[in-house]
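S.K.: sequence? don't have it. structure:
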Ligand SMILES: Cc1ncc(COP(=O)(O)O)c(C=O)c1O
């Protein structure tokens, strides 16, 4: 009997005992292809020797020093590295231990920025339905997954939600993708006006929506209009690139492909590639300057922020990605994966859509391709696909609630950046078998 409060209490989890490259092995000796990098985390796969070496070297020097007493060389180097490759105007980095913490820090720093700018009346966040920003209360408040928010609603901060950028279901047949993006932008504009622009702190969005929709990029022009609207109303744009960032979509930051820069950006997962818990908040100069010239301190902190071992892991992960030119591989293999998924599922009776960018691909499962009718949520199809895939030695990341927070199922794929075509063929083959088995009964 276990004393761990597992994610699903009644579920019996295999014991993971070792990992190498793109494979995890359990205690029974069974191997699983890690085609989702866990939850889009393991961007270099498992046991990468260069990352392990860097971590060992760091731990032999210093495992921990509290950030209220010291800085460390490794944290400074990682911040320099992130700023050197950051979107325009980002000059500082706050280190945390994961994605939810990065979002919490973003929400609080955004609020503090306005308080210190003499606008303490600003209190609303605007975010999008069907988004996921983490499980802590602030992150949950801005998140748009109804089934996760519902029971905690009385505890959540003031957030209003607008429509997701979700072309498969949101775009009308008589609309171009550009016109759809424009309609969404106008909805945001109207929401800001309705709340009173000088009462809004920020708009929060995942650049490419991950776990809650399954790798859905925005329509062309959408984010440029969002940037323009935020600027016009003087509200901040907070991008959540916890899942889609750090190379996952083929550029270091997903927002590069939208040709915009955020005011604050949360990153995590691929930053440390799973070798140690680490996330970060990237901060625009105007926000830093306001706090630096005002109170002089961000009213926030965690015991483990800037943890030297986590910083060493992240620095090594980012170094390997650059040295081995892995973003080029993300683009090449991402295009290959997309093609293979379209070949296998393009005419599948229960697959309505294949989408994504780079090695961040999703497929949406539907009961009827013509009407886009989802499966009965009571069937928990996503859970079935996951267990059928695991039975076949394949890790993918299926999720439910795709359509409206309750109905709908999708499968997310996020293989490590080191993946090659033959393995992707096996992934697609096993996924096809898993979906066929899950939809058979
Ligand atoms: C887009 C996004 N934001 C935030 C989070 C929360 O990150 P964490 O689980 O590290 O707290 C996640 C996790 O899946 C995520 O996908």
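M.R.: Yep, it's here. Fair warning: this is a prediction, and the values are worked out from it, not measured in the lab.
S.K.: Leaving out chain neighbours, which residue sits closest to the residue nearest the centre of the chain?
M.R.: In the chain, the residue lying closest to the centroid (Cα atoms, centre = their mean) is residue 243, at 2.0 Å. Counting by Cβ to Cβ, 6 or more residues apart in numbering, residue 243 lies nearest to residue 210, which is 3.6 Å off, once chain neighbours are set aside. Heads up, the C-betas are built off the backbone N, CA and C, glycines and all.
S.K.: Let me see the contact set for that neighbour.
M.R.: 40, 132, 242, 243, 244, 360, 412 (Cβ atoms under 8 Å, 6 or more residues apart in numbering).
S.K.: Might you report the residue contacts of the residue lying closest to the third one once chain neighbours are set aside?
M.R.: Closest residue in space to residue 242, ignoring its immediate chain neighbours: residue 99 at 3.5 Å, by Cβ to Cβ, 6+ apart. Going by Cβ under 8 Å, 6+ apart, residue 99 touches 133, 134, 139, 240, 242, 243, 266, 268, 269, 279.
S.K.: For residue 209, give its distance to residue 215.
M.R.: 7 Å (Cβ to Cβ, to the nearest Å).
S.K.: For the stretch 151-300 of the chain, list the residues in contact with the ligand, please.
M.R.: Applying Cβ under 6 Å from any ligand atom, we find that the stretch 151-300 of the chain lies next to the ligand at 206, 210, 211, 240, 242, 243, 268.
S.K.: Quick one: low-confidence residue ranges for the chain.
M.R.: Where the chain drops to pLDDT under 70, the residues are 441.
S.K.: same thing but 90
M.R.: For the chain, residues meeting the criterion pLDDT under 90 lie at 1, 146-148, 405, 441.
S.K.: Minimum distance to the ligand, which residue of it gives it?
M.R.: residue 99 (2.1 Å; Cβ to the nearest ligand atom).
S.K.: How are the helices of the stretch 51-200 of the chain distributed by residue range?
M.R.: Listed in chain order, the helices of the stretch 51-200 of the chain (DSSP state H, counting those that start in this stretch) span 73-84, 99-116, 137-142, 146-149, 167-170, 177-195.
S.K.: which SS state does residue 352 fall under?
M.R.: In three-state terms, and counting by DSSP: H, G, I helix; E, B strand; the rest coil, residue 352 is strand.
S.K.: For it, the count of nearby residues, please.
M.R.: Using other Cβ atoms under 10 Å, the number of residues around residue 352 comes to 24.
S.K.: And residue 367, by the same measure?
M.R.: What residue 367 shows, counting by other Cβ under 10 Å, is a neighbour count of 17.
S.K.: Hmm, it is touching residue 375, no?
M.R.: Yes: in this structure, residue 367 is within contact of residue 375 by Cβ atoms under 8 Å, at 4.8 Å.
S.K.: Residue 364 should be in a helix, yeah?
M.R.: No: in this structure, residue 364 is strand, not part of a helix, as judged by three-state DSSP.
S.K.: check contacts around it.
M.R.: Going by Cβ under 8 Å, 6+ apart, the list of residues near residue 364 reads 168, 214, 351, 352, 353, 355, 402, 408, 409, 410.
S.K.: does the third one really touch residue 436, like I thought?
M.R.: In other words, residue 351. No: using Cβ under 8 Å, residue 351 makes no contact with residue 436, being 10.8 Å away.
S.K.: quick one: which of those two has more around it?
M.R.: residue 351 (22 against 14).
S.K.: quick one, what contacts that one?
M.R.: Residue 351 neighbours (Cβ under 8 Å, 6+ apart): 345, 363, 364, 365, 366, 369, 435.
S.K.: quick one on the thing from earlier: so the residue nearest to the centre of the chain, which of the three states?
M.R.: coil.
S.K.: Phi, psi for it please.
M.R.: phi -100, psi -40 (degrees, to the nearest 10).
S.K.: sorry, back to before: determine which stretch of the helices of the stretch 51-200 of the chain is the most buried.
M.R.: Scoring those by mean neighbour count under mean count of other Cβ atoms under 10 Å gives helix 99-116 as the most buried, with a mean of 24.
S.K.: Show me which residues of the stretch 1-150 of the chain sit near the ligand.
M.R.: 39, 98, 99, 100, 103, 132, 133, 134.
S.K.: what sits against the residue lying closest to residue 263 once chain neighbours are set aside?
M.R.: Nearest non-adjacent residue to residue 263, counting by Cβ to Cβ, 6+ apart: residue 236, 4.2 Å away. Residue 236 is in contact with 110, 113, 201, 202, 203, 230, 263, 264, 287, counting by Cβ under 8 Å, 6+ apart.
S.K.: Please repeat the previous calculation with a cut-off of 7 Å.
M.R.: For residue 236, the contacting residues are 110, 201, 202, 230, 263, 264, by Cβ atoms under 7 Å, 6 or more residues apart in numbering.
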